[in-house]
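S.K.: generate a structure from the sequence data that follows.
(chains A and B)
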There are 2 protein chains.
Amino acid sequence: MANDKKLVEAITSMDVDFAQWYTDVVKKAELCDYSSVKGCMIIKPAGYAIWEQIQNQLDAEFKKTGVENVYMPMFIPESLLQKEKDHVEGFAPEVAWVTHGGLEPLQERMCVRPTSETLFCDFYANEIQSYRDLPKVYNQWCSVVRWEKTTRPFLRSREFLWQEGHTAHATAEDAEARTVQMLNVYADFLKDVLAIPVVKGQKTDKEKFAGAEATYTIEALMHDGKALQSGTSHNFGDGFAKAFGIQYTDKENKLQYVHQTSWGMTTRLIGAIIMVHGDDSGLKLPPRVAPVQITIVPIQQKKEGVLDKAYELRDRLSNFRVKVDDTDKSPGWKFSECEMRGVPFRIEIGPKDIENNKCVFVRRDTREKIEVSLDEVETKAAELLDTIQKDMYEAALTHQKAHTYAATTWEEFCDIIENKPGFVKAMWCGDQACEDKVKEELAATSRCMPFEQETLSDKCVCCGNAAKKMVYWGRAY
Amino acid sequence: MANDKKLVEAITSMDVDFAQWYTDVVKKAELCDYSSVKGCMIIKPAGYAIWEQIQNQLDAEFKKTGVENVYMPMFIPESLLQKEKDHVEGFAPEVAWVTHGGLEPLQERMCVRPTSETLFCDFYANEIQSYRDLPKVYNQWCSVVRWEKTTRPFLRSREFLWQEGHTAHATAEDAEARTVQMLNVYADFLKDVLAIPVVKGQKTDKEKFAGAEATYTIEALMHDGKALQSGTSHNFGDGFAKAFGIQYTDKENKLQYVHQTSWGMTTRLIGAIIMVHGDDSGLKLPPRVAPVQITIVPIQQKKEGVLDKAYELRDRLSNFRVKVDDTDKSPGWKFSECEMRGVPFRIEIGPKDIENNKCVFVRRDTREKIEVSLDEVETKAAELLDTIQKDMYEAALTHQKAHTYAATTWEEFCDIIENKPGFVKAMWCGDQACEDKVKEELAATSRCMPFEQETLSDKCVCCGNAAKKMVYWGRAY
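M.R.: Numbers count the residues shown, from 1 in each chain, chains lettered A, B, ... in the order given. This next block holds a predicted model:
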C-alpha cells in the first residue's frame, strides 16, 4: 500500500523548518503537484475541492451585493496594455507574450492577462453611455499569468486561479463605497468561512496596485509569524476612465468620467489555510471550507453489521459533507489520512460501540474524543462542526494577538523584526525613504495603515520625524 | 431609455436570414459581445449566467459518476505537444504560441492549451504506478484556445470555455465503458436540462479526434436544419499511454499500459440553445437552464399595493429563480424584454388582478395566457415550469423528426441535401473517398454512425459498393 506508506513517513516538523513543513503538507495532503511547465502547478482533487468551496461560497456573497459574472478574453493586445502608464510599468516586466497564432506571426503581440483592468476598460468604453448604464459591477473567475522568478505552491506561481471584480460608478463616493464594501466581504469571508482573522487597512503608495489611487488590503498572520496579503480592493478614481475614454452623460446631459474599482482573491488563500491552521500531523480545515467535513471510520469493518451501520450513519448525516472510509486500509492508516487531509472530525464506530448504541467523535483540532449516543448523531455533529469552526477562529486570533507587537524606537523595532516573528505596529512619517530602509535593512515591509489607528508616539519609528500614520510592518510571503 | 429602444427594433426574421437572426439574438439578448481581441468574445452577464447553470448542473452529474475536478497549467511545452504523432498533427496548425516570459525569450516555446491530453498524460505518467491508483477520473473547467480563421459567437471562437474530462483505466473494457457512460451523461443532459434531442453515434475515422481510437458524438439539429456537434467522448485505447509511458503494475505484478478516455462540452451549447429553441422574438430558455425562470411584471406599479404584492409573490416563489421587474419602463417594454431574454414565463399582476385575487401567467414558448388564483401560485408555477420544459423538448423532437430524411440513391441524397435542410440517413461503404466526395460536391459531412443502426439498402449511397454502415449526413456548424 504505497500511498499509506508515504503518508505516515513523518513530515518535517514546522518548528524545525516551516518552509519544508509547508511543502510536505502540500504534497502529502495531495493538494497540488509540480508540472512539466516550470513555475506552474497542478491543483489535485483535494486542493481543487477546497477552491470549489471557496469559489461557491464567495460567489454567493458577491451575488448578494449585486455582482454579475462575465468572461473576458485571456489575451491583451500590447497597445491596450500600454494605455495606462503606471499599470503597464507595473505589469509589462512579468507577462507572457504570444507572438504566433497557428503558423503565422501575429501583427501585434498579445500578453496573457496578468489582470484584466485594460480589457474591462476597453469594454466599458463601448458599453457605458448614460448614467442609466451605471453602476457596472462585474466579476470573472479565471486564471492569470505572471512570470515570477521564484515560485511556491499556492503562494506564488506563474499561473494561478482567482476572481477579479471590475466596477464602474457614476461618482467618486460610489466607487469608494464599493472598494470598502468588497474589502469587508473579503474580511468577513476569511473570518466566517476560513476562520482566519485579518487586519484591514490601506496600502502605502509604495505598496499599492499599479494604476490605483488607493489599495485596501486584508493581511493575515501565518503560524510562523509572517504576513500574507490575502485580498485587495483598489479604488482607481477616474485615472483609467481618462486613459480609456470611459464617459457617460449624467442627468443634466453633461459628459462625465466614470470612477472605477477592482478587487481580487486567489488560490493563495489555500496557502493561508495551510499556514494558519496546520500542524505537524498535516492540514486542519475549518468545517465551512472542508470538502469532507466528517469521515466515518468503521472499526473491525469485516464484522457483520459494522459497515451497514457506517453507511446508515452517513445517510443520516447527509446534510453534511460526509464520507465513509471503507477501504481495506487499517483504522490507524485511516486516522492518519483524515488528519493529514484536515477533516474536521472523524467518527469511529465498531462492534462494541454498536452494542452500546454509541460512537466516538474525534476532533482534528484538539484531538478530543467525545462519546455520542447513536440517537443524537445529527444534532451533535452539527454542534461540533460549529464549535470547531468557532474554536479554530479563536485559536488563530489568539495566535495573531500574541504575535502582534508595538515598537516606538528603531532599536526596539529591529529587535522585534529580527527576533519575534509577527506584526509590528509602529508610527511612520509617510516618507517612502523610511519604507525603503526597513526593506533593505530588515527585509520587512509595510503591510498596511490599519483602519483602526492608534497613536503609539508622535515620531516616525525610522527617521524620528513627525509621525503621520500607525503602520503594521512585518516580513511577508 | 436607449436600451429599450434598441430592444424593440425588429430583429431580422429567422426565415429571411437565419445567420443574421442568430447574431441579432446574441446581441439583443445581451449574451455576448465582440472584443478588441480578434476572434475572442466577451461573455456578458446574461450569457454567462446560462453557462453557470450548465456548469453547475453538469458538474453535479459528473460527480455522481465519481468524477473529481483538478486544474492543469494552461501552457504546453512544444516537446510535450509533439509526443503523440496524430495529436500534434491535428492541433499544431491552430495553436497560439508563447515565446517570451517577462523580458526574456523562452528556452522552449509553449502553446496555450487547445486541449489538455498531453498535460494529463504527463501527469498520469508520474501519478500512476499500481493498479490501486486506477481508475483516475479527472475533469477540469477552463478555457482553451484554437486559432480559428472564421469565428461566430459561441459556435466558433479563438478562445472558448469548456470542461475536459481525462481518465485512465486498467483495461480496454473499463475505458470503453467510461467513454460510453460520459456520452450518455451528455445526451441525458441535453434532453433533460436543455430540452434538446440528439442522435448518439460514432464518428467515422475521417471525423474522429486527433489521436483517438474511437470518437462518440451527440449531434443536435438546429432550427435551420443544420447539425451541431454538441459533445464528444473519445476512447484513446493505449495509444497515448505508449507515447507517454503511462504504466502500472497489475495484481500479478506485471507492467501494463493504461487505457484512456477524454470527453468535453463547451460554451457552444449556448449556441445550440439559441438555434434549437429561439424565435423571431428572441431567445427561449428551457426552465431548467434559465437563469431567471419567472419574471413578475407589475402593471400600474405606481398604484398603492401593486409593487408590494409583486414582492410578496416573489418571496412566495423563492424556490424558483424569480425576479420582479420594478424598473420605470412600461409594461410593454418589459414584456418584450422578457421575451428577448427567453424567460420561460412571466407573471402579470395589476390592481384589478389583486382585487380579483388572481394574476396572469404568460408562457414564452406558446404565448398562452393563464389566469391563476393568488392562492395557488406556488403549485401552478411549479407545474407550468415542468410543462414548458416537457413541451419545449417535444417541440424540438418533432422538428428533428420532421427534418430527418432517408436516401437510397445518389440523386435522392443530393436533392435532400440541397433542398431539405436536416439530417439525411443513408448507407455508406466505409470508404473515406465517398465522404470526401460528399463534402466536396455537397458541402455536407458524415455526422455519425448512429448506435441505432437501420438497413435502408445494401449499397453505399455514393459509390454503390456494398454498404457497411448507416450514417447520418448533413450540413453542419
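
S.K.: count of neighbours near the nearest residue to A:V461 once chain neighbours are set aside?
M.R.: In space, not counting the residues next to it along the chain, A:V461 is nearest to A:A426; the distance is 3.8 Å by CB to CB, 6 or more residues apart in numbering or on different chains. All C-beta spots, glycine's among them, are computed from the backbone N, C-alpha and C. A:A426 has 30 neighbouring residues, counting by other CB atoms under 10 Å in any protein chain shown.

S.K.: what ranges does the stretch 51-200 of chain A have for its strands?
M.R.: Ranges of strands in the stretch 51-200 of chain A, per DSSP state E, counting those that start in this stretch, are A:68-69, A:75-77, A:96-101, A:104-112, A:136-145, A:159-169, A:199-202.

S.K.: list the buried residues of stretch A:185-201.
M.R.: In terms of neighbour count (16 or more other CB atoms under 10 Å in any protein chain shown), stretch A:185-201 has its buried residues at A:185-187, A:189-191, A:193-201.

S.K.: for stretch A:293-303, same thing?
M.R.: Residues A:Q293, A:I294, A:T295, A:I296, A:V297, A:P298, A:I299, A:Q301 are the ones in stretch A:293-303 that count as buried (16+ other CB under 10 Å).

S.K.: same check, this time on stretch A:112-129
M.R.: Under the neighbour-count criterion of 16+ other CB under 10 Å, stretch A:112-129 has A:112-125, A:127-128 buried.

S.K.: re the thing from before, ok, so of the buried residues of stretch A:293-303, who is nearest B:E30?
M.R.: For B:E30, the nearest member of the buried residues of stretch A:293-303 is A:Q293. The distance, counting by CB to CB, is 39.4 Å.

S.K.: does that closest one touch A:S318 like I think?
M.R.: No. A:Q293 sits out of contact with A:S318 when judged by CB atoms under 8 Å, with a separation of 11.5 Å.

S.K.: mean pLDDT for the strands of the stretch 51-200 of chain A - can I get that in CSV?
M.R.: What follows is those, written out as CSV (pLDDT from 0 to 100):
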stretch, mean pLDDT
strand A:68-69, 98
strand A:75-77, 96
strand A:96-101, 96
strand A:104-112, 95
strand A:136-145, 98
strand A:159-169, 98
strand A:199-202, 98
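
S.K.: make JSON lines out of the ones you listed and add distance to A:I347.
M.R.: Rendered in JSON lines, the data for the strands of the stretch 51-200 of chain A read as follows (distance: least, CB to CB, whole Å):
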{"stretch": "strand A:68-69", "distance to A:I347": "38"}
{"stretch": "strand A:75-77", "distance to A:I347": "50"}
{"stretch": "strand A:96-101", "distance to A:I347": "47"}
{"stretch": "strand A:104-112", "distance to A:I347": "46"}
{"stretch": "strand A:136-145", "distance to A:I347": "34"}
{"stretch": "strand A:159-169", "distance to A:I347": "33"}
{"stretch": "strand A:199-202", "distance to A:I347": "37"}
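
S.K.: out of those, which comes closest to B:D436?
M.R.: Among these, strand A:104-112 comes nearest to B:D436, with 26.8 Å by CB to CB.

S.K.: quick one: list the elements packing against the closest one.
M.R.: Identification of packing neighbours for strand A:104-112 by 3 or more CB pairs under 8 Å, 6 or more residues apart in numbering or on different chains; DSSP states H and E yields strand A:75-77, helix A:78-81, strand A:96-101.

S.K.: kindly recompute the last result at 6 Å.
M.R.: For strand A:104-112, the elements it packs on are strand A:75-77, strand A:96-101, judged by 3 or more CB pairs under 6 Å, 6 or more residues apart in numbering or on different chains; DSSP states H and E.

S.K.: most tightly packed of these?
M.R.: Mean neighbour counts were compared across the helices and strands packed on strand A:104-112 using mean count of other CB atoms under 10 Å in any protein chain shown; the top stretch is strand A:75-77, at a mean of 24.

S.K.: contacts for it?
M.R.: For strand A:75-77, contacts defined as CB atoms under 6 Å, 6 or more residues apart in numbering or on different chains pick out A:E108, A:M110, A:C111, A:R113, A:T118, B:V37.

S.K.: same check, this time on stretch A:445-456
M.R.: Under the criterion CB under 6 Å, 6+ apart, residues A:199-204, A:217, A:219, A:227, A:406, A:408, A:427, A:435, A:439, A:469-474, A:476 lie in contact with stretch A:445-456.

S.K.: buried residues of it, list them for me.
M.R.: Of the residues in stretch A:445-456, those buried by neighbour count under the rule 16+ other CB under 10 Å are A:T445, A:S446, A:R447, A:C448, A:M449, A:P450.

S.K.: restricted to helices, list those residues.
M.R.: Secondary-structure check on these using DSSP state H: no residue lies within helices.

S.K.: which among those residues gets closest to chain B?
M.R.: Of all the buried residues of stretch A:445-456, A:T445 has the smallest distance to chain B: 22.1 Å, by CB to the nearest CB.

S.K.: now that closest one, which residues is it bridged with?
M.R.: The residues paired with A:T445 through beta bridges, assigned by DSSP bridges, are A:G474.

S.K.: any idea how far it is from A:E454?
M.R.: Here the distance between A:T445 and A:E454 works out to 20 Å (CB to CB, to the nearest Å).

S.K.: likewise A:F236?
M.R.: Separation of A:F236 from A:E454 (CB to CB): 29 Å.

S.K.: next one: phi and psi at the residue nearest to A:V461?
M.R.: Summarising the backbone geometry of A:A426 under the convention degrees, to the nearest 10, its torsions are phi -160, psi 150.

S.K.: which stretches of the stretch 201-350 of chain A aren't confidently modelled?
M.R.: For the stretch 201-350 of chain A, not a single residue meets the criterion pLDDT under 70.

S.K.: with adjacent residues omitted, what lies nearest to the residue in it positioned nearest to chain B?
M.R.: In the stretch 201-350 of chain A, the residue that lies nearest chain B is A:T267 (8.5 Å; CB to the nearest CB). Across the structure, with CB to CB, 6+ apart as the measure, the residue nearest A:T267 apart from its sequence neighbours is A:L161 (4.7 Å).

S.K.: what's the answer for A:W473, then?
M.R.: With CB to CB, 6+ apart as the measure, A:V424 is the residue that lies nearest to A:W473, at 4.7 Å, once sequence neighbours are left out.

S.K.: show me what contacts that neighbour?
M.R.: When the contact criterion is CB under 6 Å, 6+ apart, the partners of A:V424 are A:Y405, A:A407, A:I416, A:W473.

S.K.: which pLDDT value belongs to the second one?
M.R.: By that I understand A:A407. You'll see A:A407 listed with a pLDDT of 98.

S.K.: what does A:K6 give?
M.R.: Per-residue pLDDT puts A:K6 at 49.

S.K.: how about the helix or strand containing A:L307 as PDB, C-alpha atoms only?
M.R.: Following DSSP states H and E, the helix or strand that holds A:L307 is helix A:306-316. C-alpha atoms of helix A:306-316 as PDB (Å, rounded to 0.1, in the frame of the first residue of the first chain):
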ATOM      1  CA  VAL A 306     -20.400  -2.600  11.100                       C
ATOM      2  CA  LEU A 307     -20.200  -1.300   7.500                       C
ATOM      3  CA  ASP A 308     -24.000  -1.200   7.400                       C
ATOM      4  CA  LYS A 309     -24.100   0.900  10.500                       C
ATOM      5  CA  ALA A 310     -21.400   3.200   9.000                       C
ATOM      6  CA  TYR A 311     -23.500   3.700   5.800                       C
ATOM      7  CA  GLU A 312     -26.600   4.200   7.900                       C
ATOM      8  CA  LEU A 313     -24.700   7.000   9.800                       C
ATOM      9  CA  ARG A 314     -23.600   8.500   6.600                       C
ATOM     10  CA  ASP A 315     -27.100   8.700   5.300                       C
ATOM     11  CA  ARG A 316     -28.400  10.200   8.500                       C
END
